[in-house]
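Colleague: Show me the folded form of this:
(one chain, ligands or ions: 1)
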Amino acid sequence: MKLSIIGSGYVGLVTGACLANVDQHVTCLDIDEKKINKLRNGIIPIYEPGLEGLIKEKVASSSLTFSSNISETVKNTDVIFIAVGTPTNKENDSADLSQVYSCAEEIAKNIKNNTIVILKSTVPVGTCDKIEEIINLSNPSINFDVVSNPEFLREGSAIFDFENPDRIIIGTKEKNSISTLNSIYKKQIKNNFPVIFTTRRSSELIKYASNSMLAMRIIFINEIADLCEKVGANVEDISLGIGLDKRIGPDFLNAGPGFGGSCFPKDARALVESGKSYNAPQNLLKAVIDGNEKRKENLSKRIIEVAKNRKNIGVLGVTYKANTDDIREAPSLSIIPDLINKGFNVSIYDPQASRDGIKEFEEANWESDIYSVAKKSDCLVILTEWSEIISMDLKKISDIMTQPIIIDFRNLFSLDSFKKLNIEYHSIGRETINSHKEVE
Ligand code: UDX
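Modeller: Down below sits the predicted model:
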(Lines give C-alpha, C1' and ligand atoms only; values in the text may rest on other atoms or scores of the structure.)
Protein backbone atom coordinates (compact mmCIF):
# COMPACT_ATOMS: atom_id res chain seq x y z
CA MET A 1 0.00 0.00 0.00
CA LYS A 2 1.26 3.53 -0.77
CA LEU A 3 0.70 6.15 1.90
CA SER A 4 1.52 9.84 1.75
CA ILE A 5 1.57 12.37 4.55
CA ILE A 6 1.17 16.08 3.84
CA GLY A 7 3.01 18.03 6.55
CA SER A 8 6.46 16.90 7.72
CA GLY A 9 6.37 18.37 11.22
CA TYR A 10 6.26 16.86 14.71
CA VAL A 11 3.21 14.72 13.84
CA GLY A 12 3.79 13.99 10.15
CA LEU A 13 7.38 12.82 10.53
CA VAL A 14 6.67 10.54 13.49
CA THR A 15 3.58 9.11 11.76
CA GLY A 16 5.48 8.57 8.51
CA ALA A 17 8.50 6.96 10.13
CA CYS A 18 6.36 4.65 12.29
CA LEU A 19 4.03 3.59 9.45
CA ALA A 20 6.76 2.98 6.86
CA ASN A 21 7.56 -0.72 6.46
CA VAL A 22 8.13 -3.35 3.81
CA ASP A 23 4.52 -3.58 2.63
CA GLN A 24 3.58 0.02 3.37
CA HIS A 25 5.62 2.67 1.55
CA VAL A 26 5.29 6.19 2.96
CA THR A 27 6.10 9.51 1.28
CA CYS A 28 6.38 12.42 3.69
CA LEU A 29 5.44 15.63 1.87
CA ASP A 30 6.00 19.29 2.64
CA ILE A 31 5.72 22.54 0.70
CA ASP A 32 8.99 23.67 2.31
CA GLU A 33 11.55 22.40 -0.22
CA LYS A 34 14.47 23.29 2.07
CA LYS A 35 13.01 21.09 4.79
CA ILE A 36 12.52 18.21 2.30
CA ASN A 37 16.10 18.53 1.03
CA LYS A 38 17.41 18.48 4.61
CA LEU A 39 15.35 15.35 5.31
CA ARG A 40 16.67 13.70 2.15
CA ASN A 41 20.18 14.40 3.47
CA GLY A 42 19.37 12.89 6.84
CA ILE A 43 18.99 16.23 8.64
CA ILE A 44 15.90 16.15 10.89
CA PRO A 45 14.42 19.67 11.42
CA ILE A 46 13.03 18.90 14.89
CA TYR A 47 14.30 17.28 18.09
CA GLU A 48 12.26 14.19 18.94
CA PRO A 49 14.11 11.39 20.78
CA GLY A 50 14.68 8.40 18.50
CA LEU A 51 13.26 10.03 15.37
CA GLU A 52 16.55 10.57 13.56
CA GLY A 53 17.56 6.90 13.86
CA LEU A 54 14.11 5.66 12.87
CA ILE A 55 13.94 7.89 9.79
CA LYS A 56 17.43 6.82 8.67
CA GLU A 57 16.49 3.16 9.12
CA LYS A 58 13.29 3.52 7.08
CA VAL A 59 15.02 5.55 4.34
CA ALA A 60 17.75 2.88 4.16
CA SER A 61 15.09 0.18 3.68
CA SER A 62 13.46 2.36 0.99
CA SER A 63 10.10 2.32 2.78
CA LEU A 64 10.22 6.06 3.49
CA THR A 65 10.85 8.87 1.01
CA PHE A 66 10.43 12.65 1.02
CA SER A 67 8.99 14.95 -1.62
CA SER A 68 7.69 18.48 -2.10
CA ASN A 69 5.74 17.47 -5.20
CA ILE A 70 2.33 17.05 -3.59
CA SER A 71 0.26 16.81 -6.79
CA GLU A 72 2.46 14.05 -8.29
CA THR A 73 2.50 12.05 -5.05
CA VAL A 74 -1.26 12.34 -4.55
CA LYS A 75 -1.81 10.88 -8.03
CA ASN A 76 0.10 7.75 -7.01
CA THR A 77 -1.10 7.22 -3.46
CA ASP A 78 -3.87 5.03 -2.01
CA VAL A 79 -4.04 6.83 1.34
CA ILE A 80 -3.27 10.51 2.02
CA PHE A 81 -2.80 11.75 5.58
CA ILE A 82 -3.23 15.47 6.22
CA ALA A 83 -0.91 16.35 9.10
CA VAL A 84 -0.47 20.11 8.72
CA GLY A 85 -0.75 22.68 11.50
CA THR A 86 -4.01 24.21 12.68
CA PRO A 87 -2.68 27.17 14.72
CA THR A 88 -4.90 29.66 16.53
CA ASN A 89 -6.50 32.24 14.26
CA LYS A 90 -5.16 35.58 15.59
CA GLU A 91 -8.48 37.40 14.95
CA ASN A 92 -10.88 35.14 16.78
CA ASP A 93 -9.10 32.30 18.66
CA SER A 94 -10.62 29.66 16.35
CA ALA A 95 -8.47 27.07 14.58
CA ASP A 96 -6.83 28.45 11.43
CA LEU A 97 -7.66 25.78 8.81
CA SER A 98 -6.04 27.50 5.84
CA GLN A 99 -3.28 24.88 5.55
CA VAL A 100 -5.83 22.04 5.81
CA TYR A 101 -8.04 23.54 3.11
CA SER A 102 -5.13 24.14 0.75
CA CYS A 103 -4.24 20.45 1.16
CA ALA A 104 -7.85 19.59 0.32
CA GLU A 105 -7.73 21.76 -2.83
CA GLU A 106 -4.45 20.14 -3.91
CA ILE A 107 -5.86 16.66 -3.29
CA ALA A 108 -9.07 17.54 -5.13
CA LYS A 109 -7.06 18.38 -8.25
CA ASN A 110 -5.12 15.11 -8.29
CA ILE A 111 -7.08 12.46 -6.39
CA LYS A 112 -7.59 9.04 -7.95
CA ASN A 113 -10.50 6.65 -7.50
CA ASN A 114 -10.91 4.85 -4.13
CA THR A 115 -8.41 7.11 -2.35
CA ILE A 116 -8.78 7.53 1.42
CA VAL A 117 -8.02 10.97 2.83
CA ILE A 118 -7.20 10.85 6.55
CA LEU A 119 -7.27 13.94 8.81
CA LYS A 120 -4.46 13.48 11.33
CA SER A 121 -4.43 17.24 12.08
CA THR A 122 -6.51 18.44 15.02
CA VAL A 123 -9.56 20.00 13.37
CA PRO A 124 -12.87 21.40 14.70
CA VAL A 125 -15.99 19.27 14.49
CA GLY A 126 -17.36 19.21 10.93
CA THR A 127 -14.04 19.84 9.15
CA CYS A 128 -13.93 16.37 7.57
CA ASP A 129 -17.39 17.05 6.10
CA LYS A 130 -16.05 20.29 4.59
CA ILE A 131 -13.00 18.49 3.16
CA GLU A 132 -15.36 15.96 1.58
CA GLU A 133 -17.37 18.79 -0.01
CA ILE A 134 -14.23 20.44 -1.41
CA ILE A 135 -13.07 17.17 -3.02
CA ASN A 136 -16.58 16.24 -4.21
CA LEU A 137 -17.03 19.59 -5.92
CA SER A 138 -14.32 18.88 -8.50
CA ASN A 139 -14.61 15.07 -8.48
CA PRO A 140 -18.35 14.25 -8.45
CA SER A 141 -17.87 10.92 -10.18
CA ILE A 142 -15.04 9.31 -8.23
CA ASN A 143 -15.25 7.16 -5.13
CA PHE A 144 -13.24 8.37 -2.08
CA ASP A 145 -13.61 8.69 1.68
CA VAL A 146 -12.50 11.28 4.24
CA VAL A 147 -11.59 9.76 7.61
CA SER A 148 -10.85 11.38 10.98
CA ASN A 149 -7.86 9.84 12.81
CA PRO A 150 -6.54 12.28 15.42
CA GLU A 151 -3.13 11.80 17.03
CA PHE A 152 -2.41 11.62 20.76
CA LEU A 153 1.37 11.97 20.57
CA ARG A 154 3.24 13.73 23.37
CA GLU A 155 6.33 15.59 22.20
CA GLY A 156 9.37 13.89 23.65
CA SER A 157 7.70 10.45 23.68
CA ALA A 158 5.91 10.58 20.32
CA ILE A 159 7.39 7.37 18.88
CA PHE A 160 6.55 5.42 22.02
CA ASP A 161 3.02 6.88 22.01
CA PHE A 162 2.55 5.97 18.34
CA GLU A 163 3.70 2.36 18.86
CA ASN A 164 1.88 1.99 22.20
CA PRO A 165 -1.29 4.10 21.95
CA ASP A 166 -3.76 4.26 24.83
CA ARG A 167 -6.27 4.07 21.98
CA ILE A 168 -6.59 4.67 18.24
CA ILE A 169 -9.63 6.72 17.29
CA ILE A 170 -11.01 6.37 13.76
CA GLY A 171 -13.98 8.32 12.43
CA THR A 172 -15.55 6.67 9.39
CA LYS A 173 -18.51 4.47 8.50
CA GLU A 174 -17.13 3.25 5.18
CA LYS A 175 -16.32 -0.51 5.15
CA ASN A 176 -13.39 -0.10 2.74
CA SER A 177 -11.88 2.59 4.97
CA ILE A 178 -12.35 0.47 8.08
CA SER A 179 -10.43 -2.45 6.55
CA THR A 180 -7.71 -0.12 5.20
CA LEU A 181 -7.21 1.54 8.61
CA ASN A 182 -7.15 -1.87 10.28
CA SER A 183 -4.37 -2.80 7.89
CA ILE A 184 -2.44 0.44 8.47
CA TYR A 185 -2.52 -0.08 12.25
CA LYS A 186 -2.11 -3.88 12.11
CA LYS A 187 0.93 -3.77 14.41
CA GLN A 188 -0.92 -1.89 17.16
CA ILE A 189 -3.98 -4.13 16.72
CA LYS A 190 -1.79 -7.25 16.96
CA ASN A 191 -0.44 -5.85 20.24
CA ASN A 192 -4.00 -5.47 21.51
CA PHE A 193 -4.10 -1.68 21.68
CA PRO A 194 -7.75 -0.57 21.52
CA VAL A 195 -9.07 0.78 18.20
CA ILE A 196 -12.33 2.73 18.46
CA PHE A 197 -14.41 3.22 15.31
CA THR A 198 -16.92 6.04 15.50
CA THR A 199 -18.37 8.83 13.38
CA ARG A 200 -16.10 11.54 11.96
CA ARG A 201 -17.62 14.24 14.15
CA SER A 202 -17.27 12.19 17.33
CA SER A 203 -13.65 11.44 16.42
CA GLU A 204 -12.91 15.13 15.80
CA LEU A 205 -14.46 16.06 19.15
CA ILE A 206 -12.70 13.27 21.10
CA LYS A 207 -9.36 14.92 20.30
CA TYR A 208 -10.39 18.35 21.61
CA ALA A 209 -12.18 16.93 24.63
CA SER A 210 -9.12 14.80 25.51
CA ASN A 211 -6.65 17.68 25.39
CA SER A 212 -9.06 19.99 27.20
CA MET A 213 -9.58 17.49 30.02
CA LEU A 214 -5.81 17.14 30.42
CA ALA A 215 -5.35 20.93 30.40
CA MET A 216 -8.05 21.24 33.06
CA ARG A 217 -6.22 18.82 35.37
CA ILE A 218 -3.08 20.94 35.11
CA ILE A 219 -4.82 24.20 35.94
CA PHE A 220 -6.71 22.49 38.75
CA ILE A 221 -3.56 21.22 40.49
CA ASN A 222 -1.74 24.51 39.87
CA GLU A 223 -4.49 26.48 41.60
CA ILE A 224 -4.58 23.95 44.45
CA ALA A 225 -0.82 24.54 44.73
CA ASP A 226 -1.47 28.28 45.14
CA LEU A 227 -3.79 27.46 48.05
CA CYS A 228 -1.24 25.01 49.52
CA GLU A 229 1.28 27.85 49.74
CA LYS A 230 -1.21 29.97 51.66
CA VAL A 231 -2.32 27.29 54.12
CA GLY A 232 1.01 25.45 54.54
CA ALA A 233 -0.08 22.23 52.80
CA ASN A 234 2.10 20.23 50.40
CA VAL A 235 0.77 19.95 46.83
CA GLU A 236 2.71 16.74 46.18
CA ASP A 237 0.79 15.09 49.01
CA ILE A 238 -2.47 16.44 47.57
CA SER A 239 -1.61 14.99 44.12
CA LEU A 240 -0.79 11.64 45.74
CA GLY A 241 -3.85 11.70 47.97
CA ILE A 242 -6.36 12.45 45.22
CA GLY A 243 -4.56 10.44 42.51
CA LEU A 244 -5.04 7.20 44.46
CA ASP A 245 -8.76 7.52 43.76
CA LYS A 246 -9.15 5.27 40.71
CA ARG A 247 -11.68 7.70 39.25
CA ILE A 248 -9.03 10.45 39.29
CA GLY A 249 -5.76 8.54 38.70
CA PRO A 250 -2.23 9.74 39.49
CA ASP A 251 -1.12 11.11 36.12
CA PHE A 252 -1.05 14.71 35.00
CA LEU A 253 -1.23 16.14 38.50
CA ASN A 254 2.26 17.69 38.70
CA ALA A 255 2.03 21.36 39.62
CA GLY A 256 4.12 23.50 37.29
CA PRO A 257 4.41 26.85 35.50
CA GLY A 258 1.26 26.20 33.46
CA PHE A 259 0.74 24.34 30.20
CA GLY A 260 2.39 25.41 26.95
CA GLY A 261 3.10 23.69 23.67
CA SER A 262 1.48 23.68 20.25
CA CYS A 263 -1.60 21.75 21.38
CA PHE A 264 -3.22 22.47 24.73
CA PRO A 265 -3.44 26.26 24.35
CA LYS A 266 -4.68 26.23 20.75
CA ASP A 267 -7.03 23.26 21.23
CA ALA A 268 -8.61 24.75 24.36
CA ARG A 269 -9.18 28.07 22.56
CA ALA A 270 -10.59 26.30 19.47
CA LEU A 271 -13.00 24.21 21.55
CA VAL A 272 -14.28 27.34 23.32
CA GLU A 273 -14.88 28.88 19.87
CA SER A 274 -16.67 25.73 18.67
CA GLY A 275 -18.85 25.91 21.77
CA LYS A 276 -19.71 29.52 20.95
CA SER A 277 -20.53 28.81 17.30
CA TYR A 278 -22.88 25.94 18.22
CA ASN A 279 -24.31 27.79 21.23
CA ALA A 280 -22.93 25.19 23.65
CA PRO A 281 -20.66 27.38 25.80
CA GLN A 282 -17.53 25.69 27.22
CA ASN A 283 -17.37 27.82 30.37
CA LEU A 284 -15.02 25.59 32.35
CA LEU A 285 -12.50 25.68 29.51
CA LYS A 286 -12.62 29.48 29.37
CA ALA A 287 -11.59 29.52 33.01
CA VAL A 288 -8.77 27.06 32.24
CA ILE A 289 -7.38 29.31 29.49
CA ASP A 290 -7.65 32.45 31.64
CA GLY A 291 -6.15 30.65 34.64
CA ASN A 292 -3.19 29.44 32.60
CA GLU A 293 -2.46 32.92 31.21
CA LYS A 294 -2.84 34.53 34.66
CA ARG A 295 -0.46 31.97 36.15
CA LYS A 296 2.41 33.05 33.90
CA GLU A 297 1.92 36.68 34.96
CA ASN A 298 1.82 35.61 38.62
CA LEU A 299 5.02 33.61 38.26
CA SER A 300 6.83 36.66 36.86
CA LYS A 301 5.59 38.70 39.81
CA ARG A 302 6.73 36.03 42.25
CA ILE A 303 10.23 35.93 40.78
CA ILE A 304 10.47 39.74 40.85
CA GLU A 305 9.34 39.76 44.49
CA VAL A 306 11.71 36.99 45.65
CA ALA A 307 14.69 38.38 43.68
CA LYS A 308 14.00 42.06 44.39
CA ASN A 309 17.42 42.65 45.98
CA ARG A 310 19.22 40.74 43.23
CA LYS A 311 20.35 41.81 39.78
CA ASN A 312 21.16 38.65 37.82
CA ILE A 313 18.67 35.86 37.12
CA GLY A 314 19.56 32.56 35.44
CA VAL A 315 16.70 30.70 33.75
CA LEU A 316 17.18 26.92 33.53
CA GLY A 317 14.97 25.46 30.78
CA VAL A 318 12.96 27.53 28.27
CA THR A 319 11.18 24.81 26.24
CA TYR A 320 7.56 24.23 27.26
CA LYS A 321 8.54 20.86 28.71
CA ALA A 322 11.55 18.52 28.73
CA ASN A 323 12.68 16.30 25.83
CA THR A 324 11.63 18.68 23.09
CA ASP A 325 13.13 21.71 21.35
CA ASP A 326 9.66 23.25 21.10
CA ILE A 327 9.10 26.60 22.81
CA ARG A 328 5.65 27.31 21.41
CA GLU A 329 3.51 28.97 24.12
CA ALA A 330 6.19 28.15 26.69
CA PRO A 331 5.92 30.09 30.00
CA SER A 332 9.48 31.35 29.37
CA LEU A 333 8.20 33.45 26.45
CA SER A 334 6.39 35.78 28.82
CA ILE A 335 8.45 35.34 31.99
CA ILE A 336 11.87 36.21 30.49
CA PRO A 337 10.71 39.48 28.85
CA ASP A 338 8.97 40.41 32.12
CA LEU A 339 12.26 40.00 34.01
CA ILE A 340 14.27 41.92 31.39
CA ASN A 341 11.70 44.73 31.43
CA LYS A 342 12.10 44.90 35.20
CA GLY A 343 15.83 45.53 34.74
CA PHE A 344 17.24 42.10 35.61
CA ASN A 345 20.19 40.67 33.67
CA VAL A 346 18.94 37.28 32.41
CA SER A 347 21.05 34.32 31.30
CA ILE A 348 19.58 31.13 29.86
CA TYR A 349 20.47 27.45 29.70
CA ASP A 350 18.43 24.94 27.73
CA PRO A 351 19.86 21.72 26.25
CA GLN A 352 17.68 21.72 23.11
CA ALA A 353 15.96 25.05 22.45
CA SER A 354 17.47 26.68 19.37
CA ARG A 355 19.01 30.05 20.17
CA ASP A 356 18.19 31.92 16.99
CA GLY A 357 15.03 33.73 16.06
CA ILE A 358 13.46 33.97 19.50
CA LYS A 359 12.81 37.68 19.79
CA GLU A 360 11.56 37.33 23.39
CA PHE A 361 15.05 36.20 24.45
CA GLU A 362 17.08 38.67 22.38
CA GLU A 363 18.26 40.65 25.39
CA ALA A 364 19.13 37.57 27.45
CA ASN A 365 22.43 35.77 27.05
CA TRP A 366 22.70 32.03 26.44
CA GLU A 367 25.15 29.84 28.29
CA SER A 368 26.12 26.33 27.25
CA ASP A 369 25.78 24.78 30.69
CA ILE A 370 24.06 25.19 34.03
CA TYR A 371 27.14 26.18 36.05
CA SER A 372 28.07 28.97 33.59
CA VAL A 373 24.58 30.36 34.22
CA ALA A 374 25.08 29.95 37.99
CA LYS A 375 28.38 31.88 37.82
CA LYS A 376 26.53 34.88 36.32
CA SER A 377 23.45 34.68 38.56
CA ASP A 378 22.36 35.30 42.11
CA CYS A 379 18.97 33.69 41.53
CA LEU A 380 18.13 30.61 39.43
CA VAL A 381 14.63 30.01 38.02
CA ILE A 382 13.75 26.48 36.86
CA LEU A 383 11.02 26.32 34.18
CA THR A 384 11.62 22.91 32.53
CA GLU A 385 12.20 19.42 33.91
CA TRP A 386 15.26 18.51 31.80
CA SER A 387 17.23 15.61 33.27
CA GLU A 388 20.36 17.79 33.19
CA ILE A 389 18.65 20.19 35.59
CA ILE A 390 17.23 17.42 37.80
CA SER A 391 20.75 15.99 38.20
CA MET A 392 22.59 19.30 38.71
CA ASP A 393 25.05 19.38 41.64
CA LEU A 394 23.36 21.56 44.28
CA LYS A 395 26.50 21.68 46.45
CA LYS A 396 28.45 23.01 43.45
CA ILE A 397 25.69 25.58 42.86
CA SER A 398 25.87 26.73 46.48
CA ASP A 399 29.70 27.02 46.18
CA ILE A 400 29.55 28.98 42.89
CA MET A 401 26.82 31.43 43.88
CA THR A 402 26.72 33.92 46.77
CA GLN A 403 23.66 33.49 49.01
CA PRO A 404 21.93 31.68 46.10
CA ILE A 405 18.20 31.60 45.59
CA ILE A 406 16.55 28.85 43.53
CA ILE A 407 12.95 29.27 42.39
CA ASP A 408 11.87 25.85 41.12
CA PHE A 409 8.57 25.91 39.19
CA ARG A 410 8.78 22.16 38.56
CA ASN A 411 9.36 20.91 42.11
CA LEU A 412 12.38 18.97 40.86
CA PHE A 413 14.09 18.65 44.23
CA SER A 414 13.07 17.29 47.63
CA LEU A 415 12.92 19.91 50.35
CA ASP A 416 15.40 17.88 52.42
CA SER A 417 18.08 18.46 49.74
CA PHE A 418 18.38 22.04 51.00
CA LYS A 419 18.45 21.50 54.77
CA LYS A 420 22.24 21.59 54.88
CA LEU A 421 22.94 23.78 51.85
CA ASN A 422 23.32 27.53 51.82
CA ILE A 423 20.51 27.92 49.26
CA GLU A 424 17.14 29.66 49.66
CA TYR A 425 14.77 27.29 47.86
CA HIS A 426 11.32 28.32 46.61
CA SER A 427 9.03 25.85 44.83
CA ILE A 428 5.33 25.33 44.01
CA GLY A 429 2.76 24.40 46.63
CA ARG A 430 5.40 23.59 49.23
CA GLU A 431 7.15 25.44 52.06
CA THR A 432 10.11 27.71 51.27
CA ILE A 433 13.47 26.54 52.61
CA ASN A 434 15.38 29.62 53.69
CA SER A 435 18.57 27.98 54.85
CA HIS A 436 20.76 31.10 54.64
CA LYS A 437 19.90 31.84 58.29
CA GLU A 438 20.45 28.22 59.37
CA VAL A 439 24.01 27.88 58.04
CA GLU A 440 26.48 28.10 61.00
C1 UDX B 1 -0.25 16.94 24.52
C2 UDX B 1 -1.10 15.71 24.76
O3 UDX B 1 -0.60 15.01 25.89
C4 UDX B 1 -1.03 14.80 23.54
O5 UDX B 1 -1.87 13.69 23.74
C6 UDX B 1 -1.50 15.60 22.33
O7 UDX B 1 -1.47 14.80 21.15
C8 UDX B 1 -0.63 16.81 22.14
O9 UDX B 1 -0.67 17.63 23.33
P10 UDX B 1 2.29 17.57 24.62
O11 UDX B 1 1.80 18.97 24.38
O12 UDX B 1 3.41 17.06 23.80
O13 UDX B 1 1.07 16.51 24.40
O14 UDX B 1 2.78 17.52 26.12
P15 UDX B 1 2.25 16.97 27.49
O16 UDX B 1 3.28 16.08 28.01
O17 UDX B 1 0.86 16.50 27.38
O18 UDX B 1 2.27 18.33 28.40
C19 UDX B 1 1.47 19.41 27.98
C20 UDX B 1 1.76 20.58 28.93
O21 UDX B 1 1.28 20.27 30.25
C22 UDX B 1 3.25 20.90 29.08
O23 UDX B 1 3.42 22.31 29.16
C24 UDX B 1 3.62 20.24 30.41
O25 UDX B 1 4.71 20.90 31.05
C26 UDX B 1 2.34 20.45 31.20
N27 UDX B 1 2.14 19.46 32.26
C28 UDX B 1 1.96 18.16 31.94
C29 UDX B 1 2.08 19.89 33.59
O30 UDX B 1 2.25 21.07 33.89
N31 UDX B 1 1.84 18.98 34.57
C32 UDX B 1 1.66 17.65 34.29
O33 UDX B 1 1.47 16.87 35.22
C34 UDX B 1 1.73 17.23 32.93
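
Colleague: now for the biggest helix by length in the chain, which elements pack on it?
Modeller: Ranked by number of residues, the top helix in the chain under DSSP state H is helix 200-231. When contacts are defined as 3 or more C-beta pairs under 8 Å, 6 or more residues apart in numbering; DSSP states H and E, helix 200-231 packs onto helix 127-138, strand 144-148, strand 168-171, helix 235-243, helix 264-277, helix 283-306. (C-beta placed from N, C-alpha, C; glycine too.)

Colleague: Kindly calculate the angle that the last one makes with helix 264-277.
Modeller: Between helix 283-306 and helix 264-277, the angle formed by their directions is 140 degrees, by axes from the mean of the first three to the mean of the last three C-alpha atoms, to 10 degrees.

Colleague: for helix 283-306, which positions count as buried?
Modeller: 285-286, 288-289, 291-292, 295-296, 299-300, 302-304, 306 (16 or more other C-beta atoms under 10 Å).

Colleague: cool, and stretch 201-218?
Modeller: Buried positions in stretch 201-218, judged by neighbour count with 16+ other C-beta under 10 Å: 201, 203-208, 210-212, 214-218.

Colleague: Is the nearest residue to Ile218 once chain neighbours are set aside in a helix, a strand, or coil?
Modeller: In this structure, Ile218 finds its nearest non-sequential neighbour in Phe259, 4.9 Å apart by C-beta to C-beta, 6 or more residues apart in numbering. With DSSP: H, G, I helix; E, B strand; the rest coil as the basis, the three-state label of Phe259 is coil.

Colleague: Now do the contacts for Phe259.
Modeller: Going by C-beta atoms under 8 Å, 6 or more residues apart in numbering, Phe259 touches 215, 218-219, 265, 292, 320.

Colleague: Which one of the residues you listed is nearest to Glu155?
Modeller: Proximity of those to Glu155 (C-beta to C-beta) peaks at Tyr320, which lies at 8.4 Å.

Colleague: For the residue nearest the centre of the chain, give me its contacts.
Modeller: Nearest residue to the geometric centre of the chain (C-alpha atoms, centre = their mean): Gly261, 4.1 Å. Contacts for Gly261 (C-beta under 8 Å, 6+ apart) come out as 155, 320-321, 326, 328-330.

Colleague: out of those residues, which touch the ligand?
Modeller: By C-beta under 6 Å from any ligand atom, the members of these lying near the ligand are 155, 320-321.

Colleague: Show me what from the stretch 251-400 of the chain comes close to the ligand.
Modeller: With C-beta under 6 Å from any ligand atom as the criterion, the stretch 251-400 of the chain meets the ligand at residues 252-254, 256, 259-261, 263-264, 320-321.

Colleague: Apply 8 Å and report the result again.
Modeller: Within the stretch 251-400 of the chain, the positions adjacent to the ligand are 251-264, 267, 320-321, 324, 326, 330-331, 384-385 by C-beta under 8 Å from any ligand atom.

Colleague: Check the stretch 51-200 of the chain too.
Modeller: So the stretch 51-200 of the chain meets the ligand at 122, 150-158, 161 (C-beta under 8 Å from any ligand atom).

Colleague: possible to save those as CSV with pLDDT?
Modeller: Below are these laid out as CSV (pLDDT from 0 to 100):
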residue, pLDDT
Thr122, 97
Pro150, 98
Glu151, 98
Phe152, 98
Leu153, 97
Arg154, 96
Glu155, 95
Gly156, 95
Ser157, 97
Ala158, 97
Asp161, 98
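
Colleague: Show me which of those residues are buried.
Modeller: So, by 16+ other C-beta under 10 Å, the buried ones in those are 122, 150-153, 155-156, 158, 161.

Colleague: What about the nearest residue to Gly50 once chain neighbours are set aside, how many residues nearby?
Modeller: Among residues not flanking Gly50 along the chain, Ile159 sits closest, at 4.9 Å (C-beta to C-beta, 6+ apart). By the criterion of other C-beta atoms under 10 Å, Ile159 has 18 neighbours.

Colleague: can you check Leu39 too?
Modeller: So Leu39, with other C-beta under 10 Å, has 23 neighbours.

Colleague: go on, Ser417?
Modeller: Neighbour count for Ser417, taken as other C-beta under 10 Å: 14.

Colleague: For the closest residue to it other than its chain neighbours, give its distance to Ile400.
Modeller: Using C-beta to C-beta, 6+ apart and skipping the chain neighbours, the partner closest in space to Ser417 is Leu394 (5.9 Å). Leu394 sits 11 Å away from Ile400, going by C-beta to C-beta, to the nearest Å.

Colleague: likewise Pro87?
Modeller: Going from Pro87 to Ile400 by C-beta to C-beta gives 41 Å.

Colleague: what does Gly9 give?
Modeller: As judged by C-beta to C-beta, Gly9 and Ile400 stand 39 Å apart.

Colleague: go on, Lys294?
Modeller: From Lys294 to Ile400 the distance is 34 Å (C-beta to C-beta).

Colleague: try Tyr371
Modeller: Tyr371 is 6 Å from Ile400, by C-beta to C-beta.

Colleague: Could you do Asp356 as well?
Modeller: Distance check for Asp356 against Ile400: by C-beta to C-beta, it reads 28 Å.

Colleague: Please apply the same query to Asp30.
Modeller: The gap separating Asp30 from Ile400 is 45 Å, by C-beta to C-beta.

Colleague: just for the stretch 251-400 of the chain, where's the confidence low?
Modeller: Along the stretch 251-400 of the chain, the model assigns pLDDT under 70 to no residue.

Colleague: Count residues in the vicinity of Glu273, would you?
Modeller: Neighbours around Glu273, by other C-beta under 10 Å: 18.

Colleague: which ones are touching the nearest residue to it once chain neighbours are set aside?
Modeller: Nearest residue to Glu273, sequence neighbours excluded (C-beta to C-beta, 6+ apart): Ser94, at 4.1 Å. When contacts are counted by C-beta under 8 Å, 6+ apart, Ser94 is found next to 88, 124, 269-270, 273-274, 277.

Colleague: By neighbours, which of those wins?
Modeller: Neighbour-wise, the contacts of Ser94 (other C-beta under 10 Å) top out at Ala270, 27 neighbours.

Colleague: Beta-bridge partners for the closest residue to that residue other than its chain neighbours, please?
Modeller: Once flanking residues are discounted, Ala270 sits nearest to Ala95: 4.2 Å by C-beta to C-beta, 6+ apart. Listed by DSSP bridges, the beta-bridge partners for Ala95 are Thr88.
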